[in-house]
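> Predicted model and sequence follow; I will ask about them next.
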Amino acid sequence: MTGAGRVGVIVVAAGSGSRLGASVPKAFVPLAGVPLLGHALRGVLACAAVSEVVLVVPASHVESAQAIAEAVCREVGPAGAVTVVVGGAERGDSVASGLGALSAGVEVVLVHDAARCLTPVEVFDRVVAAVTAGAVAVVPGTAVVDTVKQVDVEGLVVATPDRSSLRAVQTPQGFRRDVLVRAHAASSDATDDAGLVERLGEPVLVVEGDARAFKVTTPADLETAARLLAEST
């Protein structure tokens, strides 16, 4: 497809965050007094192309997510409708739940991890632009700077890939809706949605990512996010 289409964003916030050692799900851990989900939603709503947003959260935190959404929308304006739905046992189940909550008019779907809470709006804009220009699937990525080794089950090195051809993939990942629906209907077992699309044999385009789109996983990551946030204000 080419041309403008309604853009919907699924924000996946159903993870437990056990590696953060927090007493609440990861997306609800505070960063500078605001839950990670709140920061992530600010970035989503900063993208002018977004028509609607679905937050996929644990059943125990639906009301908390609704309160966060209301607060962010009051702050940044009604950039799009925000719906809160309950996630599933696995990531694929959560994305499928989000897909089911999007309105019929949405043609472009972005899937974003709430844990990548500082992703700048420019990354959203690049992904949306690439899908609306005709790509069926788009992921932001950054160059790999470390040497990467492929190892076997015993930990022995079997190959050293050329890192110039490698990218560390981030979110939001963007898709033509019908392609993403077909991908999830075929399989849901993958670490990212682009992996499901790849299995269909569809091309996945990589656009420029951003170092600020890193995933908050550990306490050290949370400290890094707090420092970057402080430096930007």
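Good, I have the coordinates. Because the structure is a prediction, the values reported are computed rather than measured.

> Now the residue nearest the centre of the chain: closest residue in space that isn't a chain neighbour?
Central residue of the chain (CA atoms, centre = their mean): residue 112, 1.7 Å from the mean position. Distances taken as CB to CB, 6 or more residues apart in numbering place residue 172 nearest to residue 112, at 4.0 Å, with adjacent residues excluded. For every residue, glycine as well, the C-beta is placed using N, CA and C.

> per-residue confidence for that neighbour?
Note on residue 172: pLDDT of 98.

> Residue 14 now?
Looking at residue 14, its pLDDT stands at 84.

> so it touches residue 54, yeah?
No: in this structure, residue 14 is not within contact of residue 54 by CB atoms under 8 Å, at 11.7 Å.

> Residue 110 and residue 10 touch, don't they?
Yes: assessed by CB under 8 Å, residue 110 is found in contact with residue 10 at 7.1 Å.

> Of these two, which one has the most company?
Taking other CB atoms under 10 Å, residue 110 and residue 10 do not tie; residue 10 has more neighbours (29 against 26).

> Could you pull up phi and psi at that one?
phi -100, psi 120 (degrees, to the nearest 10).

> which residues touch it?
By CB atoms under 8 Å, 6 or more residues apart in numbering, residue 10 lies in contact with 53-54, 56, 95, 98-99, 102, 109-112.

> Identify those among those that sit within strands.
Mapping those onto strands (DSSP state E) picks out 53-54, 56, 109-112.

> Pipe those residues into TSV and attach distance to residue 227 per row.
Below are those laid out as TSV (distance: CB to CB, whole Å):
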residue	distance to residue 227
53	27
54	30
56	28
109	32
110	27
111	27
112	22
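
> Can you lay out these as TSV showing distance to residue 89 and pLDDT?
Formatted as TSV, those follow (distance: CB to CB, whole Å; pLDDT from 0 to 100):
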residue	distance to residue 89	pLDDT
53	23	96
54	18	97
56	12	97
109	21	98
110	23	98
111	17	98
112	20	98
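
> Buried residues in stretch 175-193, which are they?
Neighbour counts over stretch 175-193 (16 or more other CB atoms under 10 Å) mark 175-177, 179-180, 183-184, 188, 190, 192-193 as buried.
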